[in-house]
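A.B. asks: here is my input; please provide its structure:
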Amino acid sequence: MEEAARAKAGRTEEGARGVAGLSEEARGAAGPVRERARVVGGPVRGTVRAADSHPFGRQGAYERLRDGLRAYRLISAMWIRSTMAYRASFAMTAFGNFAATALDFVAILLMFSQVDRLGGYSLPEVALLYGLSGTAFGLADLGLGSMDRLGRRVRDGTLDTLLVRPVPVLAQVAADRFALRRLGRITQGLLVLGYALAVLDIHWTPLKVLMIPMTVLSGGAIFAAVFVAGAAFQFVAQDASEVQNSFTYGGNTLLQYPPTVFTKDLLRGATFVLPLAFVNWLPALYVLGRPYPLDLPTWVAFAPPLVAAGCCALSGIAWRAGLRAYRSTGS
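C.D. replies: Predicted structure coming up:
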């Protein structure tokens, strides 16, 4: 019996030595595999971690712009479908927006019922200023009018939900609650602009003809830059939507009147500090053949596209700085 137990123990020990030998061979074969995995996996893991922390780090400017525009289009299309689900409500709100903005021009009409000229300008000339400014502002308000909601998102922490999505935050904030009813403002501005162009006796040249659409598009870009810069300021001030509105809606109201009714200090601020004068005053006075009160050279009437590009670049820098400074709720 003892001999049988010793024989069984011997067989067990030989089996264990065999298994150990196999294990040593397996470990020896696995060594080069681990080395190759360490060489290959190290950079891959580093790249993945970098991509997780900076989802747009490997994208160029064109790719980021493309993704932002696509996200903006999809989000705004969602809100448009939501709006058009109640067509009667949309029609009433759009008409209400049209009527509310039309009251601004009614106030101008009431002024001209008492005077023949306002600051040396006739009603059609003021209507040209009003139409250019109103249409340009309407385009910016339609595209970026929701930017004044950013302060509320910063305060209640809902901005954090936008940060975790693989989509540019600016596109999400701009398209949030896209309001198609703002087309009423654009329609009203175009009607006043059409009236002014039909009534005014202007000696049209190719440059003056091109000046009208260039002014509208450049003015819309300048107002859009003001919207973005105002939103960037809300990262710091948090409750500054009214400050932003004073430069957007207030700036639009300022530009509806001729520059001759304002002091030169205000004109200098609107020309060299916050260049709202390039939205309509300078190009419109070129079309009308009138000098600008600050005696600027004539060529500045063609500068709105350059001014708009500079404003957009500066507002983009401000936006990125504000977004980097954001530290979630309570910052």
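
A.B. asks: residue ranges with poor pLDDT in the stretch 151-300 of the chain?
C.D. replies: Scanning the stretch 151-300 of the chain for pLDDT under 70 picks out no residues.

A.B. asks: let's see that with 80 instead.
C.D. replies: Per-residue confidence for the stretch 151-300 of the chain (pLDDT under 80) gives these ranges: 238-241.

A.B. asks: for residue 233, which non-adjacent residue is closest in space?
C.D. replies: Counting by Cβ to Cβ, 6 or more residues apart in numbering, residue 240 is the residue found nearest to residue 233 once chain neighbours are left out, at 5.7 Å. All C-beta spots, glycine's among them, are computed from the backbone N, C-alpha and C.

A.B. asks: count of neighbours near the one you found?
C.D. replies: Per other Cβ atoms under 10 Å, the neighbour tally for residue 240 reads 19.

A.B. asks: likewise residue 79?
C.D. replies: 16.

A.B. asks: residues contacting it?
C.D. replies: 175, 177-180 (Cβ atoms under 8 Å, 6 or more residues apart in numbering).

A.B. asks: tell me the phi and psi of the residue nearest to residue 233?
C.D. replies: Main-chain dihedrals, residue 240, degrees, to the nearest 10: phi -130, psi 30.

A.B. asks: surely it meets residue 234?
C.D. replies: Yes - counting by Cβ atoms under 8 Å, residue 240 does reach residue 234; the two are 5.0 Å apart.

A.B. asks: joint contacts of the two?
C.D. replies: Between them, residue 240 and residue 234 share these contacting residues under Cβ under 8 Å, 6+ apart: residue 151.

A.B. asks: show me the contacts for the residue nearest to residue 233.
C.D. replies: By Cβ under 8 Å, 6+ apart, the neighbours of residue 240 are 151, 230, 233-234.

A.B. asks: how about a cut-off of 10 Å?
C.D. replies: Counting by Cβ atoms under 10 Å, 6 or more residues apart in numbering, residue 240 touches 148, 150-151, 154, 230-231, 233-234, 246.

A.B. asks: how close does the nearest residue to residue 244 once chain neighbours are set aside sit to residue 307?
C.D. replies: Counting by Cβ to Cβ, 6+ apart, residue 244 lies nearest to residue 230, which is 3.1 Å off, once chain neighbours are set aside. Per Cβ to Cβ, to the nearest Å, residue 230 is found 18 Å from residue 307.

A.B. asks: buried ones in the host helix or strand of residue 100?
C.D. replies: Taking DSSP states H and E as the definition, residue 100 sits inside helix 87-112. The neighbour-count check on helix 87-112 (16 or more other Cβ atoms under 10 Å) flags 90, 93-94, 97-98, 101-102, 104-105, 108 as buried.

A.B. asks: check stretch 280-294 too.
C.D. replies: For stretch 280-294, the neighbour count (16+ other Cβ under 10 Å) marks 280-288, 290, 292-293 as buried.

A.B. asks: greatest separation within these: which pair is it?
C.D. replies: With Cβ to Cβ as the measure, no two of the buried residues of stretch 280-294 lie farther apart than 287 and 293, at 16.4 Å.

A.B. asks: walking through this structure, point out its strands one by one.
C.D. replies: Taking DSSP state E, the chain contains no strands at all.

A.B. asks: verify the stated contact: residue 112 with residue 119.
C.D. replies: No - with contacts counted by Cβ atoms under 10 Å, residue 112 stays clear of residue 119, the gap being 11.7 Å.

A.B. asks: residue 230 and residue 307: who's more crowded?
C.D. replies: Comparing residue 230 with residue 307 by other Cβ under 10 Å, the one with more neighbours is residue 230, at 25 against 22.

A.B. asks: in contact with that one, which residues?
C.D. replies: Shown in contact with residue 230 (Cβ under 10 Å, 6+ apart): 144, 147-148, 150-151, 237, 240-241, 243-248, 315, 318.

A.B. asks: list only those of the residues you listed flagged as buried.
C.D. replies: Buried positions within those, assessed by neighbour count (16+ other Cβ under 10 Å), are 144, 147-148, 150-151, 240-241, 244, 247-248, 315, 318.

A.B. asks: out of the residues you listed, which one sits closest to residue 265?
C.D. replies: The closest of the buried ones among the contacts of residue 230, once distances to residue 265 are taken by Cβ to Cβ, is residue 247, at 17.1 Å.

A.B. asks: OK, contacts around the closest one?
C.D. replies: Per Cβ under 10 Å, 6+ apart, neighbours of residue 247: 223, 226-227, 229-230, 233, 254, 274, 276.

A.B. asks: cool, residue 147 as well?
C.D. replies: Applying Cβ under 10 Å, 6+ apart to residue 147 gives the contacts 140-141, 170, 173-174, 176, 224, 226-232, 234, 241, 244, 248, 319.
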